[in-house]
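In: the sequence and its predicted three-dimensional model are supplied below.
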Amino acid sequence: METNTSSPFKVILGSSSVARQKILAEMGYEFTVMSADIDEKGIRKDNPEELVMALAEAKADAIMSKLQTIDNQKKDIKWTLLIASDTVVVYEGVIREKPSNKEEARQFIKGYSGGHAATVSSVIVTNLSTGLRKGDWDRVEIYFHDIPDDIIDSLIEEGKVLNVAGGLIIEHPLIVPYVKQVVGTTDSVMGLPKALTEKLMKEAF
């Protein structure tokens, strides 16, 4: 793993998502992980772009509150950028978050078979020295071939699809053969669009 050891600032990733951690590491950054304890279900918006922005802002605020209670963080804040993000799936105009159970995950994936879905991912970057905050969202359209029932069964049994928005993991080896077209980037679908994140990190200074 290459790391940007010459970076003049520290990075905190406000997410426990393994996929987001992997993407940020691929971007060359060393970072600390902090998770935000927020009630995501308590934040509701009908518009998916507004929802992911509101959720990412809430995560950033929660982590900033945590940091204020940690005395030994004070000396580090000057050089720290906090990255918070959120992702939802949109299917036939309906916002989908993490499936609540295996049956819902099965329904989600069956719906994608032979059809299409979109992901909307937000990124909020906060400069902890100045308080400057920059944020935006990215949308990706995904088109699928027919997904066989036995593949769906295997995905459900494995369980990883239960932990992601819309039960959608397009980079999963079982799903890859059935992805017809991705209009956008896979990293955005996975929860952290690289180009947008880099842009916002620069703007936050």
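Out: Good, I have the coordinates. Everything numeric here is computed off the predicted structure, so don't read it as measured data.
In: CA atoms for contacts and neighbours, from now on please.
Out: Will do.
In: where does the protein have low pLDDT?
Out: 1-7, 70-78 (pLDDT under 70).
In: ranges for the helices of it?
Out: With DSSP state H, the ranges of helices along the chain come out as 18-26, 48-68, 102-112, 149-158, 186-190, 194-203.
In: pick the most buried one from those.
Out: helix 186-190 (a mean of 22; mean count of other C-alpha atoms under 10 Å).
In: Provide the contact partners of that one at residue level.
Out: If you take C-alpha atoms under 8 Å, 6 or more residues apart in numbering as the criterion, helix 186-190 is touched by 19-20, 23, 87, 119-121, 138-140, 169-171, 193-194.
In: can I get the buried part of those residues as one PyMOL selection?
Out: The PyMOL command for the buried members of the contacts of helix 186-190 (criterion: 16 or more other C-alpha atoms under 10 Å) is given here:
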select buried, resi 19+20+23+87+119+120+121+138+139+140+169+170+193+194
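In: quick one: which of the contacts of helix 186-190 is nearest to V179?
Out: Distance to V179 across the contacts of helix 186-190 (C-alpha to C-alpha) is lowest for I170, with 7.0 Å.
In: would you confirm that the closest one contacts V176?
Out: Yes - look at I170 against V176 with C-alpha atoms under 8 Å: they come within range, at 6.0 Å.
In: could I get the helices of the chain as JSON lines with distance to L132?
Out: Converted to JSON lines, those look like this (distance: least, C-alpha to C-alpha, whole Å):
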{"stretch": "helix 18-26", "distance to L132": "21"}
{"stretch": "helix 48-68", "distance to L132": "12"}
{"stretch": "helix 102-112", "distance to L132": "38"}
{"stretch": "helix 149-158", "distance to L132": "41"}
{"stretch": "helix 186-190", "distance to L132": "23"}
{"stretch": "helix 194-203", "distance to L132": "9"}
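In: of those, which is nearest V125?
Out: Nearest of those (C-alpha to C-alpha): helix 194-203, 6.2 Å.
In: show me what that closest one is packed up against.
Out: Judged by 3 or more C-alpha pairs under 8 Å, 6 or more residues apart in numbering; DSSP states H and E, helix 194-203 is in contact with strand 116-127, strand 133-144.
In: angle of the last one against helix 194-203?
Out: Going by axes from the mean of the first three to the mean of the last three C-alpha atoms, to 10 degrees, strand 133-144 is angled at 180 degrees with respect to helix 194-203.
In: give me the contact list for strand 133-144.
Out: 49, 52-53, 112-127, 178-185, 188-189, 193, 196, 200-201, 203-204.
In: now the angle between strand 116-127 and that strand, please.
Out: 160 degrees.
In: angle of strand 133-144 against helix 102-112?
Out: Using the same axes, to 10 degrees, strand 133-144 lies at 70 degrees relative to helix 102-112.
In: partner strands of strand 133-144, with direction?
Out: If you go by DSSP bridges, strand 133-144 pairs up with strand 116-127 (antiparallel), strand 179-183 (antiparallel).
In: my guess is V179 contacts H172. True?
Out: No - in terms of C-alpha under 8 Å, V179 does not count as a neighbour of H172; the distance is 10.3 Å.
In: so for the two, which sits in the more crowded spot?
Out: More crowded of V179 and H172, by other C-alpha atoms under 10 Å: V179, with 19 against 12.
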